[in-house]
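Novice: the sequence and its predicted three-dimensional model are supplied below.
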Amino acid sequence: MNAFSFGTMMCLSFLLLGCEQQQDVKKLGLVYCTETAPHTFNPQLESSMNAIAVTSRHLYDRLIEVDPITQQLVGGVANNWHISEDRLHYRFDLRQGIHFHKTDYFSPSRNLNADDVMLSFERILNSEHPLYILANGDYPFFNNIGFGNNIQALNKLSNSSIEFVLKKPDAAFLANLASDYAVILSAEYAQQLNDKNQLGLLDQQPIGSGPFYYASQRKDHFIRYYRHWLHWRGAPPMQQLVFDITPTSSIRLAKLLTGQCDIMAQPAANQLEVLKERDDLLVSVQAGLNVSYLAFNTQKPPFADVRVRRNVAGLINKQRIVDSVYLNTAEIADGMLSASSWAYRHQARSPEQDFLVYPYIEKAKQQPIELWVLNEAKSYNPQPHKTAELIRNDLVKDGYQVNVRLFDWEVLRRYLLAPSVNYDMLLVGWSTDNSDPDDFFRQQFACEAVEQGYNYSRWCNGHFEQLLDAATTSPRLADRVRSYYKIQEIIEQDVPVLPLTHALKMYSYNNSVSGITWNPYGGVSFSSAYRK
């Protein structure tokens, strides 16, 4: 990119933020160039981890958290919790003195208490709640894991204590409460909006208790947060935090190189050499709990036949995808879970061993196959269109006819929720929300997830469902691991999907910035970030 391009981009940035404001941010805050703008400022309603990374950890707190270093559960809004011997009653004792945000549009009159926790979860659990109705019951994460199905009751025990009562033990319950989706909202703010008949603003003009509060935005261009001075963990060092929404990786890189951004999300593999040449820039690389995969529509010929699924799986050259698309910033996936998961099971046999030619496979080659592609760069697949073309080429060589169709997420989501789903194969991926494998498998393979539109293979297996429940109801880790091993074995044998790659998560940032916390389950925290 030439000097004129850099200069033009700088001027555009000034026009968006304002020259004086831009200088203020550089002195007093941080600018993070990210790829995705949130559709809502309430993570409960979001389905994109990239979008949630802009909101959840900056604006909100949760009952409990995951320590990014030890991966252990630690207190959040709740300073301690108690589990009954039958593992059905979970009581949470809330911290005192947690302040909600004070903004131009809301001034709290009290600190966080049990009413706020009750509202935050009642809106998800109670189909008659005004907020549930307003959201049309669409809480992607909670619906996909069947969260409400296992809640017998949610009780307020006192102003500083609440209790969840489960129908059956769930070893993943605490991990789900620690996810970025399980945020705590302000019941007082919700009541104020309800009195004004403006309840919908709760999710668009956010009020939380997190380290930053919402200040302003220009939709799909930038979002500005200010420091929450009264945050219970202490005020962040930086006064401002700006998210510069830049979907194109090359433009994010240009903004990082010119100093318009302090941090860049997900640099492309072919940009790493440029970054290495700059002494003032650093690259953070982490093993990501993610997977890109090819989902076969198991409810529709030809992939209703497992033999055709195995045949196609055996034709795809994963190594070529890693070399051409990721430039070796990913590893070949031999299963849905990466080796960094505690439930990882190495696949003993590969789909290539099932490469056989039968009459039913020849019949499958006579009709065009519709390959649908989520055509948005993600951390698990930076170039989905190129990946799709490589897959198509492998299949065409063997006589299959493949039509590639590209969709953005909003259009694809509508198609996936339609009564009739016409794709044969779908190129997508997944980044896990927490450390528990239940999150990974239940959201993508449970029978209930077919209706939710997130079980992309539309595969439903009774034995698999039994093992899922066994894995979450057992209190012993060894039993859980055995169940997840069997779950992975079923997927390997039945091939509803073909795992392709596990990608590295990468960020690049200016070496003048320190204290950034990278979350292994997605997103980044700037609550302790500062300039040296």
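Specialist: Here it is on my side, so go on. Residues are numbered from 1 along each chain as shown.

Novice: in the stretch 1-150 of the chain, where is pLDDT below threshold?
Specialist: Applying pLDDT under 70 to the stretch 1-150 of the chain flags the ranges 1-27.

Novice: please enumerate the strands of it.
Specialist: Along the stretch 1-150 of the chain, counting by DSSP state E, counting those that start in this stretch, strands occupy 29-34, 64-66, 73-75, 78-83, 89-94.

Novice: buried deepest among these, which one?
Specialist: Counting by mean count of other C-beta atoms under 10 Å, strand 29-34 has the highest mean neighbour count of the strands of the stretch 1-150 of the chain, with a mean of 26. (Each C-beta comes from the backbone N, C-alpha and C, glycine too.)

Novice: residues in contact with residue 152?
Specialist: The neighbourhood of residue 152, defined by C-beta atoms under 8 Å, 6 or more residues apart in numbering, consists of 88, 165-167.

Novice: any idea of the pLDDT on it?
Specialist: pLDDT, residue 152: 97.

Novice: just confirm it is within a strand.
Specialist: Yes: checked against DSSP: H, G, I helix; E, B strand; the rest coil, residue 152 lies within a strand.

Novice: including distance to residue 290, could the strands of the stretch 1-150 of the chain go into TSV?
Specialist: Listed next are these as TSV, based on distance: least, C-beta to C-beta, whole Å:
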stretch	distance to residue 290
strand 29-34	17
strand 64-66	17
strand 73-75	22
strand 78-83	29
strand 89-94	29
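
Novice: of those, which is nearest residue 241?
Specialist: Ranking those by proximity to residue 241 (C-beta to C-beta) places strand 29-34 first, at 5.7 Å.

Novice: alpha carbons of that closest one, as CSV, please.
Specialist: Listed next in CSV are the C-alpha coordinates belonging to strand 29-34 (Å, rounded to 0.1, in the frame of the first residue of the first chain):
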residue,chain,number,x,y,z
GLY,A,29,-6.9,5.3,25.4
LEU,A,30,-6.5,2.4,23.0
VAL,A,31,-7.9,1.7,19.5
TYR,A,32,-8.6,-1.9,18.6
CYS,A,33,-9.1,-2.7,14.9
THR,A,34,-11.6,-5.6,14.9
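
Novice: note down every partner strand of it and its orientation.
Specialist: Strand 29-34 sits in its sheet next to strand 240-245 (parallel), strand 263-265 (parallel), going by DSSP bridges.

Novice: give the contact list for the closest residue in space to residue 182 that isn't next to it in sequence.
Specialist: Excluding its sequence neighbours, the residue lying closest to residue 182 (C-beta to C-beta, 6 or more residues apart in numbering) is residue 62, at 5.1 Å. Residues in contact with residue 62, defined by C-beta under 8 Å, 6+ apart, are 76-77, 177-180, 182-184.

Novice: picking that back up, between the contacts of residue 152, which has the most around it?
Specialist: Neighbour count (other C-beta atoms under 10 Å) singles out residue 166 as the most crowded of these, with 18 neighbours.

Novice: didn't that one look like it was pressed against residue 173?
Specialist: Yes: if you go by C-beta atoms under 8 Å, residue 166 and residue 173 touch, sitting 6.8 Å apart.

Novice: what do those two both touch?
Specialist: Taking C-beta under 8 Å, 6+ apart as the criterion, residue 166 and residue 173 both touch 90, 150.

Novice: list the buried ones in stretch 208-220?
Specialist: 208-214, 217 (16 or more other C-beta atoms under 10 Å).

Novice: just flag the most distant two among those.
Specialist: Farthest-apart pair in these is 209 and 217; separation 20.1 Å (C-beta to C-beta).

Novice: redo the strands paired with strand 29-34 as CSV? Include mean neighbour count.
Specialist: What follows is these, written out as CSV (neighbours: other C-beta atoms under 10 Å):
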stretch, mean neighbour count
strand 240-245, 23
strand 263-265, 26
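
Novice: can I get the buried residues of stretch 208-220 in CSV including pLDDT, distance to residue 510 and secondary structure?
Specialist: Putting those into CSV (pLDDT from 0 to 100; distance: C-beta to C-beta, whole Å; DSSP: H, G, I helix; E, B strand; the rest coil) gives the following:
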residue, pLDDT, distance to residue 510, secondary structure
208, 98, 28, coil
209, 98, 29, coil
210, 97, 24, coil
211, 98, 21, coil
212, 98, 20, strand
213, 98, 25, strand
214, 98, 25, strand
217, 95, 24, strand
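
Novice: could those go into JSON lines alongside distance to residue 156?
Specialist: Compiled in JSON lines, these are given as follows (distance: C-beta to C-beta, whole Å):
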{"residue": "208", "distance to residue 156": "20"}
{"residue": "209", "distance to residue 156": "18"}
{"residue": "210", "distance to residue 156": "23"}
{"residue": "211", "distance to residue 156": "27"}
{"residue": "212", "distance to residue 156": "29"}
{"residue": "213", "distance to residue 156": "26"}
{"residue": "214", "distance to residue 156": "28"}
{"residue": "217", "distance to residue 156": "34"}
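
Novice: closest one of the residues you listed to residue 114?
Specialist: For the buried residues of stretch 208-220, the nearest to residue 114 is residue 209 (13.9 Å; C-beta to C-beta).

Novice: what about the helices in the stretch 1-150 of the chain?
Specialist: Here the stretch 1-150 of the chain has its helices, by DSSP state H, counting those that start in this stretch, at 3-17, 19-28, 49-52, 56-59, 114-125, 130-134, 140-144.

Novice: just to revisit the earlier point, check the strands paired with strand 29-34 for me: which has the lowest mean pLDDT.
Specialist: When the strands paired with strand 29-34 are compared by mean pLDDT, strand 263-265 comes last with a mean of 92.

Novice: and the contacts of it?
Specialist: Applying C-beta under 8 Å, 6+ apart, the external contacts of strand 263-265 come out as 30-35, 50, 53, 252-253, 255-256, 507-510, 513, 516, 524.

Novice: 6 Å - rerun?
Specialist: Residues from elsewhere that reach strand 263-265 (C-beta atoms under 6 Å, 6 or more residues apart in numbering): 32-35, 252, 256, 508-509.

Novice: so which elements touch the following helix or strand past it?
Specialist: Following strand 263-265 in sequence order, the next helix or strand is helix 272-276 (DSSP states H and E). Judged by 3 or more C-beta pairs under 6 Å, 6 or more residues apart in numbering; DSSP states H and E, helix 272-276 has no packing partners among the helices and strands.

Novice: output helix 272-276 as PDB - backbone C-alpha positions only.
Specialist: Coordinates of each C-alpha in helix 272-276 appear next as PDB, following Å, rounded to 0.1, in the frame of the first residue of the first chain:
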ATOM      1  CA  LEU A 272       3.100 -12.100   9.400                       C
ATOM      2  CA  GLU A 273       6.300 -11.400   7.500                       C
ATOM      3  CA  VAL A 274       5.400  -7.700   7.200                       C
ATOM      4  CA  LEU A 275       4.700  -7.600  11.000                       C
ATOM      5  CA  LYS A 276       8.000  -9.400  11.800                       C
END
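
Novice: shaky segments in the stretch 301-450 of the chain?
Specialist: Low-confidence segments of the stretch 301-450 of the chain (pLDDT under 70): 348-358.

Novice: where exactly do the strands run in it?
Specialist: Using DSSP E, counting those that start in this stretch, the strands of the stretch 301-450 of the chain run over residues 330-332, 369-374, 402-407, 425-431.
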